[in-house]
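[1] got a predicted structure here, sequence first:
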Amino acid sequence: MPLPERIDVVFCDVGGPIYSDDNFTHAIWLALDEIRAEQGRPPVDPAEFRTLYDEMREAQSGGFRATVARELLGDVALKRELHARTVPWWTHPEGTAYADALPMFRALHRHVVTGVVANQEAATVEALRRDGFGDAIDVWGISALVGHEKPSREFFAWALEQAGTTAQHAVHIGNRLDTDIRPARALGLGTIWVTRGEAPDHPTPEQVAEADVTVPDLSSVAALVLARAGARRVG
């Protein structure tokens, strides 16, 4: 289906669309090595780690931390421990934001409500403000602060309420089908799939068909949205 005829709000994921997903995978890698050292095991094999990551990207389903906890730590129950160990390492250093992200937000913010809806730690807010996104974001949907995680309906419902609009006038941008495109579309939001980061290198036609629009980056998104932009409002 096409994007909504009238768009009042645009939400965006953080890892992938805005910042490189390498920030996340690097944090997991460091946390894995910490736990493996305590287990008396050698550091993670780079090839094995990359294989698991690429399999997750191709499948577009399943949590990566659960997978590596099972395969590289020997127990899926260590997922929570792995998450806790990942938090201190999971940051977005200066220079890791994609060059097309801030111009998109600034262009959209003049015409529609903008927000982030992302499974991220609280430190992400500071990174976004440091990198100039602070005055271009109305809705700060950061899971660690909101208390919901994608793909829950509650997270998207919370964001829509904060934006003061309904699903039929909203669009969500994300780079994962399982946590971005599918749950947003199930609620009636328009969807834009950005095929970088945790998206597969070569999406199948079936995967592409799941989103209303599929783009390789954010450079064309503002024009797509502004052609359908409604009146800007919050609350």
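    Cool, got the structure.

[2] now residue 100: closest residue in space, sequence neighbours ignored.
    Nearest non-adjacent residue to residue 100, counting by C-beta to C-beta, 6 or more residues apart in numbering: residue 218, 4.3 Å away. Using the backbone N, CA and C atoms, a C-beta is placed for each residue, glycine as well.

[3] what's around the one you found, how many residues?
    Other residues within reach of residue 218, judged by other C-beta atoms under 10 Å, total 22.

[4] what residues are up against it?
    17, 98, 100, 101, 104, 173, 194 (C-beta atoms under 8 Å, 6 or more residues apart in numbering).

[5] go through those and say which is closest to residue 77.
    Within the contacts of residue 218, the smallest distance to residue 77 is 31.6 Å, found for residue 17 (C-beta to C-beta).

[6] and stretch 40-52, average pLDDT?
    Regarding stretch 40-52, the rounded mean pLDDT is 97.

[7] CA atoms only: put that stretch into CSV for me.
    C-alpha atoms of stretch 40-52 as CSV (Å, rounded to 0.1, in the frame of the first residue of the first chain):
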residue,chain,number,x,y,z
GLY,A,40,37.7,-19.3,30.9
ARG,A,41,37.1,-19.3,27.1
PRO,A,42,39.1,-17.5,24.4
PRO,A,43,37.9,-14.3,22.7
VAL,A,44,35.1,-14.4,20.2
ASP,A,45,36.1,-15.6,16.8
PRO,A,46,35.5,-12.8,14.3
ALA,A,47,34.3,-15.0,11.5
GLU,A,48,31.9,-16.9,13.7
PHE,A,49,30.5,-13.6,15.1
ARG,A,50,30.1,-12.2,11.6
THR,A,51,28.4,-15.3,10.3
LEU,A,52,25.8,-15.2,13.1
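
[8] give the buried residues for it.
    Neighbour counts using 16 or more other C-beta atoms under 10 Å place 44, 49, 52 of stretch 40-52 among the buried residues.

[9] in terms of secondary structure, what does the helix or strand containing the last one contact?
    By that I understand residue 52. Per DSSP states H and E, residue 52 falls inside helix 46-59. With contacts defined as 3 or more C-beta pairs under 8 Å, 6 or more residues apart in numbering; DSSP states H and E, helix 46-59 has these neighbours: helix 22-38, helix 64-72.

[10] could you dump the ones you listed into a markdown table with mean neighbour count and distance to residue 150 added?
    A markdown table is the format used below for these (neighbours: other C-beta atoms under 10 Å; distance: least, C-beta to C-beta, whole Å):
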| stretch | mean neighbour count | distance to residue 150 |
| --- | --- | --- |
| helix 22-38 | 18 | 14 |
| helix 64-72 | 19 | 14 |
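
[11] out of those helices, nearest to residue 119?
    helix 22-38 (9.5 Å).

[12] quick check, residue 178 in contact with residue 61.
    Yes. Using C-beta atoms under 8 Å, residue 178 is in contact with residue 61, at 4.8 Å.

[13] which one of those two is surrounded by more residues?
    More neighbours surround residue 178 than the other of residue 178 and residue 61, with 18 against 11 (other C-beta under 10 Å).

[14] now render the helices and strands packed on helix 46-59 as CSV, adding distance to residue 151.
    Formatted as CSV, the helices and strands packed on helix 46-59 follow (distance: least, C-beta to C-beta, whole Å):
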stretch, distance to residue 151
helix 22-38, 17
helix 64-72, 14
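
[15] which stretch among those helices comes nearest residue 142?
    helix 22-38 (14.1 Å).

[16] can you tell me what sits against the closest one?
    15, 42-44, 49, 53, 64-65, 68, 72-73, 78, 81-82, 85-86, 89-93, 96.

[17] what's the answer for stretch 149-160, then?
    By C-beta under 8 Å, 6+ apart, stretch 149-160 touches 9, 11, 13, 115, 117-119, 139, 141, 143, 146, 148, 166-167, 170, 172, 178-180, 182-184, 186-187, 189.
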